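>>> Turn this into a model:
(2 chains)
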Amino acid sequence: MNFRTMQAANRRKTIGLLIGMGVLVWLVVYAALTYFGTSTAGIVPIAVGIALVSVWGSYYGSDKLVLTMTGAKLIQQSDNPKLFDLIQEVVIASGLPMPKVAIVIDSAPNAFATGRNPEHALIAFTTGILDVMDRDQLQGVIAHEMAHVANRDTLVSAVAATTAGAIAILSDMLTRMMWFGGGRDRNREGGGNPIALVISLVILILAPLAAMMLKSAISRKRESLADATAVAFTRNPAGLRSALEVLASDSTVVQQRSTAVAHIWIESPLDAKSVSKLFSTHPPIAERIAVLKSMESLG
Amino acid sequence: MKTIIVLGVAALIAVFIISQYNRLIRLNITVDEAWSQIEVQLKRRADLIPNLVETVKGYAAHEKSTFDAVVTARAKATTASTVADTAAADGMLTQALRGLLAVAEAYPDLKASTNFLSLQEELSTTENKVSFARQFYNDNVRELNTAVKTIPSSLFAGLAKVTEREFYEVENPQDRNVPNVKF
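Numbers count the residues shown, from 1 in each chain, chains lettered A, B, ... in the order given. Below you'll find the model as predicted:
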């Protein structure tokens, strides 16, 4: 596969997963209505509203918020001219505007991108990654981060987080209602089909889990897409591949390991062994290296 | 009811025409921007050269033919105006610079000088920028030319006064020759 077909495939899969999210929301609402009757319909806009406000606030101010959450410091061209040279190279290759640049003082090699749109993009690097990587590797990493900017991954993950959040809130509210004697409308016409009731209950309990899995799957697809787009920018899969090899062989992880911002780093800061594959935000690094190697052999 | 349908269809057609027209114009503007990016980066590289040549001369004054090649290529590159001319001059200059750096390899004192090291970093980032600017330009030319040639956008190319653009091809006969490096 070359990078163009890779990009197309990952975009298609993202759309499929987002549709899956939509179906899940619909299922939850349907289950709630079956179990509790139409009187619960009012809860849906409340849950969606809460999720919207909490996620979109952080989406809109993502560049500033992530700075405080990760302890990154903005830098100017004079602070690190060589890094800026490399970023300008990728900016020219991608046709994107110049992003803000930040440094995280941390010896673990890692990097991330954020910002609600290319005009408000911010890319950050740990001091560790700047120390261990050579020109080509760093260029690959920058291209991967700029690819996230180009693919508007902050927006995609905000959409995923909103729906997953809405489902979690909704299911939480409804399970609470169940414990408190239930708002089940027992006077409803036709009573209720017991099988439908059981299925609805199962859906309500499993939905948040399924939503988390879908959210992680979307994040993984966006990582693969960013790798492919990075190659489209630099036409040099070897640079990013050897950068990932450096990250894979390095056992240190960034100090601050908040799950809230885990998905934005180029290498997941969470211990891969403790999190099952279904819930991890990144594809296995060996898999990413293999894909890039196959692109190299295309020449 | 009938007039509403007629108006609706007319509106849809208008939206379609406008979007096709705007797409062509937008692609054309992007190609212009990509072209000026190439010029900016070539200018940047041309500005680096006098300093680089002077630095190398300080250590290797007798490599006259190499300096001459760089200076001639630079002069050509700064006067070229069409896409093909610029690309040819760019190719010549890239090759001449390669020759110059190869010469520098033979002088350890020169290679160790801080001035040369910082020039070398500037030169390599500029070379990268030039080549990415070329790549971005050619990608956009490809997209524009495809739009000009394929239906439905091709039907509006005349209306938008957008025509096919020229690719930036650096390859020239000299590029295939082995660089002539004397030690």
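
>>> Look up how far chain A lies from residue B:55.
Separation of residue B:55 from chain A (CB to the nearest CB, to the nearest Å): 19 Å. (Each C-beta comes from the backbone N, C-alpha and C, glycine too.)

>>> got the contact list for that residue?
Taking CB atoms under 8 Å, 6 or more residues apart in numbering or on different chains, we find residue B:55 in contact with B:110, B:113, B:115, B:116, B:119.

>>> That one sits in which helix or strand?
Taking DSSP states H and E as the definition, residue B:55 sits inside helix B:2-59.

>>> Tell me the secondary structure of residue A:263, please.
helix (DSSP: H, G, I helix; E, B strand; the rest coil).

>>> these two touch, right, it and residue A:157?
Yes. Shown here, residue A:263 and residue A:157 form a contact pair, counting by CB atoms under 8 Å, at 6.2 Å.

>>> quick revisit: are any of the contacts of residue B:55 buried, and which?
For those, a burial check counting by 16 or more other CB atoms under 10 Å in any protein chain shown picks out B:110, B:113, B:116, B:119.

>>> So which of these belong to strands?
Judged by DSSP state E, the buried ones among the contacts of residue B:55 include no members of strands.

>>> and which of these is nearest to residue A:126?
residue B:119 (29.4 Å; CB to CB).

>>> Out of the contacts of residue B:55, list just those in helices.
Counted as lying in helices by DSSP state H, out of these, are B:110, B:115, B:116, B:119.

>>> Give me the residues contacting stretch B:34-49.
Residues outside stretch B:34-49 that contact it (CB under 8 Å, 6+ apart): A:92, A:95, B:70-71, B:74, B:77-78, B:83, B:86, B:90, B:93, B:97, B:119, B:122-123, B:126-127, B:129-130, B:133-134, B:136-137, B:140-141, B:168.

>>> just stretch A:78-90 next, same as before
A:77, A:98-99, A:101, A:103, A:123, A:125, A:130, A:135, A:138-139, A:142-143, A:146, A:233-234, B:121-122, B:125, B:128-129, B:132.

>>> OK, now which residue of the stretch 151-299 of chain A is nearest to chain B?
Closest contact between the stretch 151-299 of chain A and chain B, by CB to the nearest CB, is at residue A:235 (6.8 Å).

>>> Could you report the neighbour count for that residue?
If you count neighbours by other CB atoms under 10 Å in any protein chain shown, residue A:235 ends up with 14.

>>> Spit out the contact partners of it.
residue B:135.

>>> okay, it: pLDDT?
Note on residue A:235: pLDDT of 91.

>>> tell me the mean pLDDT over stretch A:29-47?
Regarding stretch A:29-47, the rounded mean pLDDT is 76.

>>> Kindly report the residues of chain A close to chain B.
Within reach of chain B by CB under 8 Å from any CB of the partner chain, chain A has these residues: A:82, A:85-86, A:88-90, A:92-95, A:135, A:139, A:233-235.

>>> rerun that using 7 Å as the cut-off
Selection of chain A residues close to chain B by CB under 7 Å from any CB of the partner chain yields A:82, A:85, A:88, A:89, A:92, A:93, A:95, A:235.

>>> Which among those count as buried?
A:85, A:88, A:89, A:92, A:93, A:95.

>>> quick one: the fifth one and residue A:234 touch, right?
Yes. If you go by CB atoms under 7 Å, residue A:93 and residue A:234 touch, sitting 6.3 Å apart.

>>> Low-confidence bits of chain A, can you list those?
Low-confidence segments of chain A (pLDDT under 70): A:1-2, A:38-40, A:179-192, A:253-262, A:269-279, A:298-299.

>>> Chain B too?
B:171-183.

>>> Might you enumerate the residues of it proximal to chain A?
So chain B meets chain A at B:37, B:121, B:125, B:128, B:129, B:132, B:133, B:135, B:136 (CB under 7 Å from any CB).

>>> still on that earlier bit, reformat the buried ones among the contacts of residue B:55 as a markdown table; add distance to residue B:8.
Shown next, in a markdown table, are those (distance: CB to CB, whole Å):
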| residue | distance to residue B:8 |
| --- | --- |
| B:110 | 74 |
| B:113 | 73 |
| B:116 | 70 |
| B:119 | 65 |
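
>>> and the two most separated of these?
The distance between the two most remote of these (CB to CB) is 10.5 Å, for B:110 and B:119.

>>> ranges for the helices of chain A?
Going by DSSP H, chain A shows helices at A:3-36, A:43-60, A:62-70, A:81-94, A:127-132, A:135-150, A:153-179, A:194-234, A:237-249, A:285-296.

>>> and the first one, what other elements does it pack with?
For helix A:3-36, the packing partners by 3 or more CB pairs under 7 Å, 6 or more residues apart in numbering or on different chains; DSSP states H and E come out as helix A:153-179, helix A:194-234.

>>> Give me the angle between the last one and helix A:285-296.
Angle of helix A:194-234 versus helix A:285-296, following axes from the mean of the first three to the mean of the last three CA atoms, to 10 degrees, is 50 degrees.
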